[in-house]
Structures are given as structure tokens and as C-alpha cells.
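A.B. asks: fold the following for me, if possible:
(chains A, B, C and D)
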2 protein chains.
Amino acid sequence: MSNETLERDAEAESLAPAVTRAALILGVMAETASEPVGPSELARRLGLPKSSIANICGALADAGLVRRIGTGFALGRRLAELGGAYLGSVDQVQEFYDVARQLATASEETVQFAVLDGLEVTYLARHDGRQPVRLTSGIGRRLPAFSTATGKAALASLPDDELDRRLAGLTTLPQPSPKSHATVDSLRRDLATIRERGYAMDDEETMEGVVCFGTMIPSRQPGEGPCAASITLLKVRATSERVPALLDDLRLLAAELSDPLHRT
Amino acid sequence: MSNETLERDAEAESLAPAVTRAALILGVMAETASEPVGPSELARRLGLPKSSIANICGALADAGLVRRIGTGFALGRRLAELGGAYLGSVDQVQEFYDVARQLATASEETVQFAVLDGLEVTYLARHDGRQPVRLTSGIGRRLPAFSTATGKAALASLPDDELDRRLAGLTTLPQPSPKSHATVDSLRRDLATIRERGYAMDDEETMEGVVCFGTMIPSRQPGEGPCAASITLLKVRATSERVPALLDDLRLLAAELSDPLHRT
DNA sequence: CCGGTTCGTCCAGCATACTGAACGACCGGC
DNA sequence: GCCGGTCGTTCAGTATGCTGGACGAACCGG
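C.D. replies: You can find the predicted model right below:
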């Protein structure tokens, strides 16, 4: 029985633990973003032996997955290559870029494509309009599903039992912004509205002064969760004249990306 | 195809070999792009034991770095997150997006930012103009340095001894297109011209009907090679009126990205 | 329908990669 | 300038993950 202070064996300590640990290391570096981290700090955060971390970091550095910065480490360029290769393998991403720029009204704003993963969404593609919305979220960024238009649109598409499973044990929600849902009940009512109406709305839930319209898009990837597209714009620009046009564009985009017939 | 005995990866069979192998596996999947690969094929291509591969792939799958597709594996979504985190840590990439879209003439075309790595360039950022050039190269894509404007601009910035070191042992070059340099001598003359003129030109060396202007940008990343920015456009649009404006924009972009004073 | 091939998975023994502590270098504070 | 703390690196012993072969399933051409 491991009654000692074992903090990090929640995951299945599977075969090839070095690989699992390497992935954890990369995760820590992704949070730390630009600043390099040394073996000691990594060992502290992950609760793993320092020398093991050093060995793995050395191997990661040789592979180009991390860069040595002085005596520390940071994410390496090879990750951009691999990430790009992944995105290139998702045909909906390629199609998104083609279609998004041709939208009459929406192409002026920020259009995004994301996939639901648990209770978070990962953004896979983005089209920047001429409007400088200056969203900090870029490709690969993860955000809570319940406070974003993409996430809520995707959640609303889940079968009831699957939704219950994911929300099990939750009653209150962390509030990234004052207007975001604080309780699961509030979120559920919103999801019901989304199902009726056909699109999700993020009214300053993510950022003050910014609204977002989203709609669900079925994923073509086997085993992946539902995807979603969204249009983000300053609330000032979301006038009663433009919003219907934006929603039309959103529906058009969703129809194109849902269409199973794509390039050969 | 893999001719007889795949050359012994004389690379340091270092500590934590599982990590090194995992990186090799990811590399194979990146080449294979969308189609999933099974343990047997991976073992064949890498010359490694089949069961080891299976173990590592299992760990990679648990970490989200690869996806299980039936019984095979393909690159996973987590790579997009990590790649995005890496790109987010390179401040020149963020600045590139800001500046590229504000360029009067160049913003109409495709503007790219890349970093030199050995004799190849890796593209880190891209701004798509309204013109549908339909470049297939996306973020993370690698291309030969000697046949691209970005690569030649970066190569031309290297000190002579460093350039000699990288070109050592080469006399002829693979030709990705009929107009690309066939010999190292031809490349060297081009590089000399680039140094005098201050910018590189790719005149249908990468793709027929497409020209590209590039200029070197010093990297701010410690230990990284030189970077470069480029403007890509259809040769038909590269008229004698527009080219000077494009070169001005390119110089402006390079000046901004070279400027050491950036956001806090 | 059937035999040959190739696939992915499983298992036990062995070699090897991981662990923990000790070492020297470095930094900042009293 | 001294000293406590922290850092990254090193090394040998041992537990541990890796290896090769065997197993059953799936596929395909005969």
C-alpha cells in the first residue's frame, strides 16, 4: 500500500513510463510558455526524480522537441512541425480556411474552428478579419467549453446521457468572467436554448465587450468529439443589421464543413 | 523507398531511449500525414522491435500525442496544442501577424515567416492575402533552403565559414523544380547577389508561375539560426510597378521584426 | 471454403534504463 | 568574503522496462 506521499500516480503508470513522463514535461513547459524551466523545477512540479527528468529532457532536446536555453529547457521548434502535420491531416481545417475567407460578412471578423474535448475546446483554425479584435487565443489554445460559443454549441449537440456524464459531480462552475455561467443549471438552460435556436451565443462571457456566435459541426475524424465554428467580434459591431448576415454566414460555413463530400 | 539496410542511426543512443524512439515514431507519422500506421509498419521503417513500438505508441496515445484509429495510430491533437504553445512563445511570430496585415501592398499577397535549420527552412507564421495563391505549405512545413526565398535570404546571411560547413560535401543539389539551382556553384553566385542586393528572389524555383521575395531577419531566440520573411505572389502580379512597393513592405516588415524593442 | 501471410497482442527472462545520494558550481544575504 | 541554499550533473546498484518469440485473429487470393 502506498500510503506515502505519492502525488502523481493517478494516471495509469503504463508501459514506457519515460514517454508518459516526457509528455508531462512538455505539458509543464506549455504552461510555463516562454520562460525556460530547469530539471529541478520540473521535478518539483511533477513529483518525479530529478535525474530522470534530466535524462528525458536530454533525449527531448536531441529530438528537437525541446530547446536548451542555457541550462534550462523550453518547447522546441519540432513541435511546430508536428503540430502543423497534425493540422494538415484534419481536412476540415483545410476546408475551413478556404471557406472562411469567402464569407461576405463574417470574413471581416474573426472566425474560428474548434473541437470539443471533455469540458474544454481546442482551437484548430482561425481566420482573422480586418477588424483588429486582438484575440490572444491562437491555434492550439484550450478554453473552457461552458463559457465559449464554440464550446456551448458543441456541448448542446451531445446526447443527454453523455452530457450528464461530463457534468457529473459539478454544480458550480469557475467563472472566467463575470458574465459566464456560474452554475450548471444556468448552463443547462442555455444549452436548451441553443438546441432550439440552432446556434450558441457568448455575450461577453469570455471577454468584456466581445461577443461570439457559434454553431456545431460534426467531426469527420473517427473517435473525435463534436466540432464547432464561431464568429467573434466587438459587441459594438454586432448591430441588428449585421447579426443576421453573420448567422447566415455561420450556417453556410457549417454546411460546407459538415458536407461529407470533400476533396477526393 | 528504404533501400537496403537503412543507415545506422549513429545518433547517440542516449539515455531514455524510449523518448528518442517516440520522437522518431512521431516523425514517421508526420510524413505519413493522415493515414494511420500500425506497429508493424513503424517497426519496419525504424528498424526497431515491434513490441517496443507498441508499448511506446500506447503511452503516446494515453498522453494524447497520437490518436488510436482502429488498431493503428496517427498524430494526435495534443501536438497542435504544444505546437501552438511553442509558436506563442516566439514573440517574433506574434509581431509578424500584427505587422504583416498592416502592410499596404504586401498584405494583399501571401507573407511568411520562417527560420533556417541546417539546409532547410521551417515556416512559423503565414499571412494570407486576398489573392488565392493556394500555397500548400502551412505552419510547420519544411522546405529546402536553397530553392526558397526565405531559405536563400537566411543562407546569405551566414558567415562564410559557417556556410562552407553546411555545404560541405555537396556539389549538386536535388531539384524540386526545373528552375531551382542544380549546383552549389550556382547557389553560391545567387547568395553573393543576395548579399549585394539585400533581398533574395525565388523566380519559379518552388512552383511554376509563382515568385517570391525574401529578406533575412535576425532571430531573437538564443541559439536559433537566422530567420527570414518573404512575400509570395503569382508571377503575373509581380509587375514593375508593384515589385518596388512589395520590396519596401518587405524591408519595413524586416525592420519591425529585427527591432529589439518589442512588447515588455 | 481454406491455407498462407501479416497483422496486433501477450508474456517471461534478461539486459538496461531509472533511482537516490553525493559532488562541485553558482547565487544572494547576513 | 563567508556561508547556506539551490542549482545541474555525475555515478554505481538495482529494480524495471525492453526484447524476441509465440499466440490468435484477420485478411486475401486460390
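A.B. asks: going by C-alpha atoms from here, please, whenever you check contacts or count neighbours.
C.D. replies: Noted.
A.B. asks: okay, stretch A:227-234 in PDB with CA atoms only?
C.D. replies: Output of stretch A:227-234 as PDB, limited to C-alpha atoms (Å, rounded to 0.1, in the frame of the first residue of the first chain):
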ATOM      1  CA  CYS A 227     -16.500  20.400 -33.500                       C
ATOM      2  CA  ALA A 228     -17.800  23.900 -33.800                       C
ATOM      3  CA  ALA A 229     -17.200  27.100 -35.700                       C
ATOM      4  CA  SER A 230     -17.600  30.600 -34.300                       C
ATOM      5  CA  ILE A 231     -17.600  34.300 -35.300                       C
ATOM      6  CA  THR A 232     -16.000  36.700 -32.800                       C
ATOM      7  CA  LEU A 233     -16.500  40.400 -32.900                       C
ATOM      8  CA  LEU A 234     -16.700  43.500 -30.800                       C
END
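A.B. asks: quick one: mean pLDDT over it.
C.D. replies: Taken as a whole, stretch A:227-234 has a mean pLDDT of 96.
A.B. asks: next one: that stretch to chain centre, how far?
C.D. replies: The chain centroid and the centroid of stretch A:227-234 are separated by 13 Å under C-alpha atoms, centre = their mean, to the nearest Å.
A.B. asks: wait, does that stretch contact chain B?
C.D. replies: No - shown here: stretch A:227-234 not in contact with chain B (C-alpha under 8 Å from any C-alpha of the partner chain), separated by at least 12.8 Å.
A.B. asks: what sits up against that stretch?
C.D. replies: A:106, A:109-116, A:133, A:149-151, A:153-154, A:209-219, A:246, A:250, A:253-254 (C-alpha atoms under 8 Å, 6 or more residues apart in numbering or on different chains).
A.B. asks: check the residues you listed one by one and keep those near DNA strand D.
C.D. replies: Checked against DNA strand D using C-alpha under 7 Å from any atom of the strand, the contacts of stretch A:227-234 give no members in range.
A.B. asks: SS state for the residue of chain A found nearest DNA strand C?
C.D. replies: Nearest residue of chain A to DNA strand C: A:Ser52, at 3.6 Å (C-alpha to the nearest atom of the strand). In three-state terms, and counting by DSSP: H, G, I helix; E, B strand; the rest coil, A:Ser52 is helix.
A.B. asks: please report how far it lies from A:Val210.
C.D. replies: Distance, A:Ser52 to A:Val210, by C-alpha to C-alpha, to the nearest Å: 45 Å.
A.B. asks: now A:Leu173
C.D. replies: In terms of C-alpha to C-alpha, A:Leu173 sits 21 Å off from A:Val210.
A.B. asks: look at the two and report which has more neighbours.
C.D. replies: Ranked by neighbour count (other C-alpha atoms under 10 Å in any protein chain shown), A:Leu173 and A:Val210 place A:Val210 first, with 19 against 15.
A.B. asks: tell me how many other residues crowd the residue lying closest to the more buried one once chain neighbours are set aside.
C.D. replies: Of all residues not flanking A:Val210 in the chain, A:Leu234 sits nearest, at 4.5 Å (C-alpha to C-alpha, 6 or more residues apart in numbering or on different chains). Using other C-alpha under 10 Å, A:Leu234 has 18 neighbouring residues.
A.B. asks: cool, A:Leu247 as well?
C.D. replies: Neighbours of A:Leu247 using other C-alpha under 10 Å come to 19.
A.B. asks: and the host helix or strand of it, which residues are buried?
C.D. replies: In this structure, A:Leu247 sits in helix A:242-258 according to DSSP states H and E. Under the neighbour-count criterion of 16 or more other C-alpha atoms under 10 Å in any protein chain shown, helix A:242-258 has A:Leu246, A:Leu247, A:Asp248, A:Asp249, A:Leu250, A:Arg251, A:Leu253, A:Ala254, A:Glu256, A:Leu257, A:Ser258 buried.
A.B. asks: tell me the confidence at the second one?
C.D. replies: So that's A:Leu247. 97.
A.B. asks: need the nearest residue in space to it, chain neighbours excluded.
C.D. replies: Nearest non-adjacent residue to A:Leu247 (C-alpha to C-alpha, 6+ apart): A:Phe213, at 7.5 Å.
A.B. asks: and that neighbour, that one's in a helix?
C.D. replies: No - with three-state DSSP as the criterion, A:Phe213 is strand rather than part of a helix.
A.B. asks: once you drop chain neighbours, what's closest to A:Glu95?
C.D. replies: Nearest to A:Glu95 is A:Leu257, by C-alpha to C-alpha, 6+ apart, at 6.9 Å.
A.B. asks: how much space between the one you found and DNA strand D?
C.D. replies: 29 Å (C-alpha to the nearest atom of the strand, to the nearest Å).
A.B. asks: ok, that residue touching A:Phe96?
C.D. replies: Yes - A:Leu257 lies in contact with A:Phe96 (C-alpha atoms under 8 Å); the separation is 6.9 Å.
A.B. asks: contact partners of the helix holding A:Leu247?
C.D. replies: Counting by C-alpha under 8 Å, 6+ apart, A:92, A:95-96, A:99-100, A:103-106, A:213-219, A:229-231 sit against helix A:242-258.
A.B. asks: pull the CA atoms of it into CSV?
C.D. replies: Only the C-alpha atoms of helix A:242-258 are listed here, as CSV (Å, rounded to 0.1, in the frame of the first residue of the first chain):
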residue,chain,number,x,y,z
ARG,A,242,-25.2,42.7,-39.2
VAL,A,243,-26.1,39.8,-36.9
PRO,A,244,-28.5,38.1,-39.3
ALA,A,245,-25.9,38.2,-42.0
LEU,A,246,-23.3,36.8,-39.7
LEU,A,247,-25.6,34.0,-38.7
ASP,A,248,-26.2,33.3,-42.3
ASP,A,249,-22.5,33.1,-42.9
LEU,A,250,-22.1,30.8,-39.9
ARG,A,251,-24.8,28.5,-41.2
LEU,A,252,-23.1,28.5,-44.6
LEU,A,253,-19.8,27.7,-43.1
ALA,A,254,-21.2,24.9,-41.0
ALA,A,255,-23.0,23.4,-44.0
GLU,A,256,-19.8,23.4,-46.0
LEU,A,257,-17.7,21.8,-43.3
SER,A,258,-20.4,19.3,-42.5
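A.B. asks: for A:Gly118, what are its contacts?
C.D. replies: A:Arg166.
A.B. asks: from A:Ser107, how far out is it?
C.D. replies: Taking C-alpha to C-alpha, one finds A:Gly118 at 29 Å from A:Ser107.
A.B. asks: near DNA strand D, which residues of the stretch 1-150 of chain A?
C.D. replies: Going by C-alpha under 7 Å from any atom of the strand, the residues of the stretch 1-150 of chain A near DNA strand D are A:15-18, A:37-41, A:50-51, A:54, A:71-72.
A.B. asks: near chain B, list only the ones from those.
C.D. replies: Among these, chain B is touched by A:Leu15, A:Ala16, A:Pro17, A:Ala18 when using C-alpha under 8 Å from any C-alpha.
A.B. asks: filter these to the buried ones?
C.D. replies: For these, buried by 16+ other C-alpha under 10 Å: A:Ala16, A:Pro17, A:Ala18.
A.B. asks: so which of those residues sit within helices?
C.D. replies: A:Pro17, A:Ala18 (DSSP state H).
A.B. asks: pick out the residue of the stretch 101-250 of chain A closest to DNA strand D.
C.D. replies: A:Pro222 (16.6 Å).
A.B. asks: quick one, phi psi at the nearest residue to that residue once chain neighbours are set aside?
C.D. replies: Closest residue in space to A:Pro222, ignoring its immediate chain neighbours: B:Ile69 at 7.2 Å, by C-alpha to C-alpha, 6+ apart. When read as degrees, to the nearest 10, the backbone of B:Ile69 gives phi -120, psi 100.
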